[in-house]
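Chemist: Sequence below, structure please.
(chains A, B and C)
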Amino acid sequence: MAFAIRKKRTRELLLIWFFLAPSLLIFALYRIIPLLWNGVLSFEFWSPYKPAEFAGLYHYEEMILYDDVFWQSFWNTAVFMASAPIGILFALVIALLVDTPIRGRNVYRTIVFMSYPVMTVAVGIIWQWLYNEDVGLINYILRSLGMSGRGIPFLNSSTYALPAVIVASIWQVVGFYMIILLTGLQNIPQSLYEAASIDGASAWQRFKRITLPLLRPSIFLCFVIGIINSFTNFDLIYVMTDGGPSHATELLVTYIYRVAFKLGQFDYAAALTIVNFAFFVFLAWLANRLSGGEAGAVEST
Amino acid sequence: MTRYPKWAIHLGLAIICTLMLIPFYWVLKTSLTGENIFSYPPAILPENPHLFYYVDVWYSIPFFRYLVNSVVVSIIVVVGNVVLNAMAGYALTRDFTGKGSVIMLFLSCMMIPFQVTIIPAYLITKELGLLNSHLGMALPLCSTIVCIFVFKASFDAIPKSLIDAARIDGVPDWMIIFRIMVPLSQSAIATNIILAFIWSWNNFLWPLIIIRDNDMQTLPLGLARFLTVVEDTTGALYAFCIMVLVPGLMIFLLAQKQFIAGLTSGAAKG
Amino acid sequence: MTLKRLTGVAIGTAVAMAVGLGATSALAQSQKKISIMTWNIPYFEEGMKKWIDLYHQKRPDVQVEWIDKKGTEFSTFYQTQVVAGTAPDIIDIQGGLWLEYASQGGLVDLTPLMQRDKEYTAGLYPEFANGWRFEGKNYGVPFYISKTLLFYNKNMFKEAGLSGPPQTFDQLMQYAEKMTGGEKSGLMTLNFDWLYWPFFAVNGIELVTPDLKKAAFNTPKAVALVERLAKATQAGVINKISWTGRWVEPNGAFAAGNIGMLHAHAPAYFWFQSKGPWVNADTVGAANFPGGWSTPNSHALLMSKGTKHPEEAWDFMKLATSGEGAFIFGTGSNNLTGDKAANARLMKYFEEKIPAVVPALKTQLENLDKLVGNWPLAKDAQVKEAFYPELQAAMMGEKSAKEALDEAEKKVNRVLQRR
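Modeler: Predicted coordinates:
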């Protein structure tokens, strides 16, 4: 009997790892090995044309002691991520609204989602124009309302540029959050709401006691997306400001890309990558911890 | 499920949608007029809209060829995502030693930006002999971590009692997955399809790096044709972006049906 | 279950398509092959066919592959190919990118070939050819040439009571001020690479010491100049897009008709003309920047070190940059080339076909001794990164000129000193 249970357990374990294997293989090939490559490179002097030479901590020293841009992009990245809850909250409101049984919700969903699949180049150019100091729509409206005399140079000022880019990025990604949250809402058994209704719970109580706790895995996922968004939104920043003016919108990822492919310092970029990675993993670990230890767990209902 | 009057919900959504639509509206308008967006004051309505740029786009690049390539790559990616992510997502709902590490590993993998992996990923793809191929373009996207967690959350939400009952009846594991869990996770599947499709469809830098052959280019690579420095091609650029957008929206609308199907009894259909 | 059916159909289609496509592209290639990678000229398809036909008259057995990439992805693609050992044989490069490749030994020294083929080399403009010299070796042959000049809006000049283009820097600033007001600004410049450097050169400011080892720009004169430019920018005399826009924004703004003078290189003409129906010979003038200073924004063809067929590649390079091949390129892309004879033919062609652009093109062949902003710095890109953001901060009024130049000096020196 004990043997049979163990055998069953082994079979189950085999199945689990068999199911994980393909995904793990893909990630190993396209994420983990490249990361290790970066790790090795960060301790070397290397360029595509020359054999590698040992560099020790040279690049890390350069980064921490001399590179102001690194620190600036580090803080910009932190600000960018800290803004994620705004977008998530916004998306949550929308998701709850379009989850109600109202006429035309498909249309609403589509409209909200539509901003996500538009090619970033187009999005970037349009937002550049919206923000334009002289001819942009936002300043046009402000002027028509008599709220500002000379236009606000949103993207051309170190004060406004980062918030402006963040707004555009929230605009772009809110549909993505909405989908994730909507999927989460679909997972909540309708029977729970019915039972609560019979018990006389108010809408707010139902939201607080049923929706919010059961939506936690999806919200957690949105936070993780918010974190990675600070580098998946690479393209948008690249098109809108290219990290400027004067690195005011430089994120770690745009900086790494610039250092590697525009300045040709692959070794230094590798060191930046490693630091960037450590920073993000720490945050993910923290988020995981805060969300209750196991990512995406739901209490059994 | 809420007691807010319907008109209030409509009003709220209308405001949100207007805000969301403004930038989009300008893309559409410019694609129809090719106007100089830097002229002032901005024209609210399109003047003399025409479809010239759409036709222009069709003939400026081998649009159909690129479209076919994009479709092939996206299908591989979507199928890969739905199957592999469901498998991995299911595995993560079970208890096993090392589960915590696997989850942490997945989360960490998400934290590696693609841009820093270009060179090694290229070399690996070369070793696999997949340069210049559809599979080579698709492979890195064939399993995505966000979507694994979408599946996991969905599977987790299925009442344990249901599964346990099936187990006691001696239903094998794989049968539980395909007969009970997958059918109950329609909205997770829909999400996987939508997101995987869009990621693959809009993927730009990776195909750009591994494709040398003109016949193998995907649609987003056609972009370069509309960003030359010789003349203004904004109209065509935007027309191109709209044309690339349409399939994504169609997939979204199709998959949306699954969201509605996911709604069980009790929700009055609007 | 619609989903299931959909999936089945999808897999079937994918397999069928993949098989079909695989069959068509699986032709074996055992021939000699060279590849040329160009910089954002996807429209040159027809011309490229003509080139290849011409080339096949001389070398019928060599296959030619053409790759074209946008500037933003050019180096990403190229360097990945270099690492993988499959670099294109010939590359078309603009700006200072090549210096980094050359200094690390990634390019073929063309000097011996150029010395051997004297006739070909003699046909090139030495000034433009010298722009591709690094440490005494020639790494590139001029492919198409352009340098900055001053476009001016004749309507706005008339309104302000100005008769002709400015002759001195002070005049330039005065004119700009006169034309400024309301939506209008007097002056705009492009800023990528070192295209704004004539503003510094005309005031006698050097970027680095002659030995290229140290920053030399932090002088009281430079501080005064930056202050002046920053003030003009704050007052709207110099449009802010000058310091933030790249190509579409400044040219689009000029096309909108609100900019008095645009400091840009010749190809800008075609762009803003395509966007501004009012642009013609009577409304837009072209002149040299005061003092005749200009920054080249030329392209050259260079050869990757990894090439297996240097002779075959060299033949193609010569073909593309001289005689008929150069003429084909000039007419196909509306550019002047590095070949004197071809340019003489091209000028006639433009006078006939697009006379309005001729004044601008004429400036491109003048004052070739006053090219600036093309230092052979191995770390050109890094120096630019160290310098420009500081200058930009000063122009946007976020730092004082002194602060910005001090900081820039520190950073530039750091770049020049570190390994």
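
Chemist: which residues in chain C form strands?
Modeler: Using DSSP state E, the strands of chain C run over residues C:32-39, C:62-69, C:90-94, C:133-134, C:137-138, C:140-145, C:148-153, C:185-189, C:259-265, C:284-287, C:299-303, C:336-337.

Chemist: Where do the domain boundaries of chain B fall?
Modeler: B:1-50, B:57-262 (automatic domain parsing).

Chemist: nearest to residue C:377, of those?
Modeler: domain B:57-262 (24.5 Å; CB to CB). C-beta here means a position set from N, CA and C on the backbone, and glycine is covered the same way.

Chemist: any idea of the mean pLDDT in that closest one?
Modeler: The predicted model assigns domain B:57-262 a mean pLDDT of 89.

Chemist: if we can go back for a sec, could the strands of chain C go into TSV alongside distance to chain A and mean pLDDT?
Modeler: Listed next are the strands of chain C as TSV, based on distance: least, CB to the nearest CB, whole Å; pLDDT from 0 to 100:
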stretch	distance to chain A	mean pLDDT
strand C:32-39	14	95
strand C:62-69	12	94
strand C:90-94	13	95
strand C:133-134	14	95
strand C:137-138	15	96
strand C:140-145	17	95
strand C:148-153	16	97
strand C:185-189	9	95
strand C:259-265	11	96
strand C:284-287	20	96
strand C:299-303	14	96
strand C:336-337	27	96
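
Chemist: residues from the stretch 201-350 of chain C in reach of chain B?
Modeler: Contact residues, the stretch 201-350 of chain C versus chain B (CB under 8 Å from any CB of the partner chain): C:247-249, C:251-253, C:255-256, C:258, C:267, C:270-271, C:274-276, C:333-334.

Chemist: Among the residues you listed, which lie within helices?
Modeler: If you go by DSSP state H, those have C:248, C:249, C:251, C:252, C:253, C:255, C:270, C:271, C:274, C:275, C:333 in helices.

Chemist: near chain A, from the residues you listed?
Modeler: C:248, C:249, C:253.

Chemist: out of these, who's nearest residue C:323?
Modeler: Among these, residue C:248 lies closest to residue C:323 (CB to CB), at 34.3 Å.

Chemist: Pass me the low-pLDDT residue ranges in the stretch 251-400 of chain C, would you?
Modeler: Along the stretch 251-400 of chain C, no part satisfies pLDDT under 70.

Chemist: What residues does it have near chain A?
Modeler: C:253, C:256, C:258, C:305, C:381-382, C:385, C:389-390, C:392-393, C:396, C:398.

Chemist: The residue lying closest to residue A:160 once chain neighbours are set aside and chain B: what is the separation?
Modeler: Once flanking residues are discounted, residue A:160 sits nearest to residue A:154: 4.7 Å by CB to CB, 6 or more residues apart in numbering or on different chains. From residue A:154 across to chain B, the span is 14 Å (CB to the nearest CB, to the nearest Å).

Chemist: Which residues are in contact with residue A:154?
Modeler: If you count contacts by CB atoms under 8 Å, 6 or more residues apart in numbering or on different chains, residue A:154 has them with A:131, A:133, A:136, A:138, A:160, A:161, A:164.

Chemist: same thing with residue B:245?
Modeler: Taking CB under 8 Å, 6+ apart, we find residue B:245 in contact with A:114, A:117, A:118, A:119.

Chemist: which one among the ones next to chain A among the ones in helices among the residues of the stretch 201-350 of chain C next to chain B gets closest to chain B?
Modeler: Lowest distance from chain B to those (CB to the nearest CB) belongs to residue C:253, with 5.3 Å.

Chemist: hang on, the closest one packs against residue C:240?
Modeler: No. Taking contacts as CB atoms under 8 Å, residue C:253 lies outside contact range of residue C:240: 9.9 Å.

Chemist: re the thing from before, which of the ones in helices among the residues of the stretch 201-350 of chain C next to chain B ranks first by neighbour count?
Modeler: Most neighbours among those, by other CB atoms under 10 Å in any protein chain shown: residue C:251, with 32 neighbours.

Chemist: Which residue ranges make up the domains of chain C?
Modeler: If you go by automatic domain parsing, chain C breaks into C:33-146+C:297-368, C:148-294+C:379-417.

Chemist: Indicate which one of the ones you listed is closest to residue A:204.
Modeler: Among the domains of chain C, the nearest to residue A:204 by CB to CB is domain C:148-294+C:379-417 (46.8 Å).

Chemist: So which residue is dead centre in chain B?
Modeler: Centroid-nearest residue in chain B: residue B:198, 2.2 Å away (criterion: CA atoms, centre = their mean).
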